[in-house]
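# sequence and predicted structure, then a few things I'm wondering about:
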Amino acid sequence: MSNAQDSRFRQGLWPYALMFAAAFILASNHIIGRWVQGDMPPMGIGFWRLFIATVVLLPFAGRSVWAKRGEIRRHWKLFAVMAIALGPFGNAAVYVAYHFTTAINGGVVSTVQPVATVLITFFLFRESITRVQTLGIILATVGVFVILSRGDLGVLAALKPNIGDLIMLAAMFGFAVHNSLLRKIPGDFTTLEILLSVQCVSMVVMLPLYVTETIIFKPMPVTWEAAAVMAWVGVGVAIIAVGFTNTVVLSIGANKATMSNYIRALLTALLAVLILGEHLELFHLVAFMFVVAGVVMLGRGRRARPA
């Protein structure tokens, strides 16, 4: 994709359409994470997901990324931090967390990402948010909590943090750091070039963790089911969803884009109904109204400028 074509996908209504599509794909990733928990090692999923994505992207962006290797070397610290944030502290940590915590706990902790993004963009770039956007975050958070508590706030009051919750918290800050630093990448990099560059570095970071996990914990299973899962997370999640998310962040800013977390939470609940056999109840509809109102309010707020 050329710079001109890439820029068109960062304008108008396209970012919001891409936000919804990315949220849907990432919701499916959470369903998969719960489904394969215990059967597939988390670092293995994280590494092979990056490997598959890299192999698929090489024919499309490999030559142009190689031509920009000088820029990547000049900004190696930036790419290294983003790679660590996206790989072990982001994607893989989510799979690790579900070995120790429940879906409710993990879901509640994952709502920290918007707050983490706001804090990081404030401290790094002095980027503030408007009152309308703040109210949007609050409404959307209420909606997600309604979903996670199944309409019973007593469930939330009884939550007790564990090591899985802390790992999930690290994962959300990892994603927030990655998204916040996207703006620091030189402007002549296209979305595909950003994806390939960061994922290649992240794969190098993940390799020793994957090898250690294989020796100490368990290797990746060699089955058709594992191959199907990795094909989806490698192409659908690592390329399409992350690429769409990067485009949205570069278009409307990290603070607005982080609202996709709430859309993802809703879609995860809906997919759970369709795939895992859970029942759609009144609290789902109440939560949906809160989240939609929050997303609309955040979207209508202007993109924040540095304070």
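Cool, got the structure.

# buried residues in the one helix or strand Gln199 maps to?
Gln199 belongs to helix 191-216 when assigned by DSSP states H and E. Buried residues in helix 191-216, counting neighbours by 16 or more other C-beta atoms under 10 Å, are found at 191-203, 205-206, 209-210, 213. For every residue, glycine as well, the C-beta is placed using N, CA and C.

# how about stretch 79-96?
Residues of stretch 79-96 classed as buried by neighbour count (16+ other C-beta under 10 Å): 79, 81-96.

# tally of neighbours for the nearest residue to Val146 once chain neighbours are set aside?
Leaving aside its sequence neighbours, Val146 sits nearest to Ala287 (C-beta to C-beta, 6 or more residues apart in numbering; 4.0 Å). Counted with other C-beta atoms under 10 Å, residues neighbouring Ala287 total 26.

# let the chain start at 22 from now.
Yes, from this point I'll number from 22; that puts the last item at Ala308.

# that's a strand at Ala308, yeah?
No: assigned with DSSP: H, G, I helix; E, B strand; the rest coil, Ala308 falls outside any strand and is helix.

# in contact with it, which residues?
Listed by C-beta atoms under 8 Å, 6 or more residues apart in numbering, the contact set of Ala308 reads 164-165, 167-168, 287, 290.

# try it again at 7 Å.
With contacts defined as C-beta atoms under 7 Å, 6 or more residues apart in numbering, Ala308 is in contact with 164-165, 167-168, 287.

# just Ala48 next, same as before
Per C-beta under 7 Å, 6+ apart, neighbours of Ala48: 285, 288-289, 292.

# and the two most separated of those?
Greatest spatial distance in the contacts of Ala48: Arg285 and Leu292, 10.1 Å, computed using C-beta to C-beta.

# neighbour-wise, which of those two wins?
Neighbours of Arg285 and Leu292, each counted by other C-beta under 10 Å, are more numerous for Arg285; the result is 25 against 17.

# now do the strands in the stretch 72-221 of the chain.
In the stretch 72-221 of the chain, no segments count as strands under DSSP state E, counting those that start in this stretch.
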